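J.: this one's sequence-less:
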């Protein structure tokens with residue numbers, strides 16, 4: 001049985017090497033949990049200064065339907081003015097073409113990394 005998390009526990013800030021990172025944890029979630037969690041991300045991001053937010057999103061083991069994928073793309077567009085960098089890990093559970101769709105739809109770049117350590121190193125590197 002996988003650990004079930006409340007949507008607000010899936011989104012949280014943490015410090016890494018003196019930088020504040022927003023973790024969006026979509027790991028091992030159902031499509032509905034992914035959609036609900038993603039729709040709450042702007043509440044955190046838009047409370048920060050424009051162009052300042054560093055985001056780490058973990059997709060590992062999650063399940064994503066069309067509604068969840070649409071929520072992720074829409075949130076990426078909405079959050080764009082506030083985000084400095086976004087790193088993605090665990091993307092094997094996403095449809096192969098989704099990254100390109102998300103990048104094109106949101107007009108944002110997303111770093112894709114094989115593990116958390118690489119993603120964090122990239123996020124905090126100016």
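T.: That came in fine, so what should we check first? Since the structure is predicted, the reported quantities are computational estimates derived from the model, not experimental observations.

J.: what count of nearby residues applies to the closest residue to residue 72 other than its chain neighbours?
T.: Nearest residue to residue 72, sequence neighbours excluded (C-beta to C-beta, 6 or more residues apart in numbering): residue 38, at 5.2 Å. For every residue, glycine as well, the C-beta is placed using N, CA and C. Neighbour count of residue 38, defined by other C-beta atoms under 10 Å: 27.

J.: the helix or strand hosting residue 38: what's the following helix or strand?
T.: Using DSSP states H and E, residue 38 sits within helix 31-45. Sequence-wise, the next helix or strand downstream of helix 31-45 (DSSP H and E) is strand 53-58.

J.: identify the residues contacting stretch 108-117?
T.: For stretch 108-117, the external contacting residues (C-beta atoms under 8 Å, 6 or more residues apart in numbering) are 56, 58, 76, 80, 83, 85-89, 91, 99, 102-103, 119, 122-123.

J.: at 7 Å what do you get?
T.: 76, 80, 83, 85-89, 91, 99, 102-103, 119, 122 (C-beta atoms under 7 Å, 6 or more residues apart in numbering).

J.: list the buried ones in the helix holding residue 38?
T.: Residues of helix 31-45 classed as buried: 31, 33, 34, 35, 36, 37, 38, 39, 41, 44, 45 (neighbour count, 16 or more other C-beta atoms under 10 Å).
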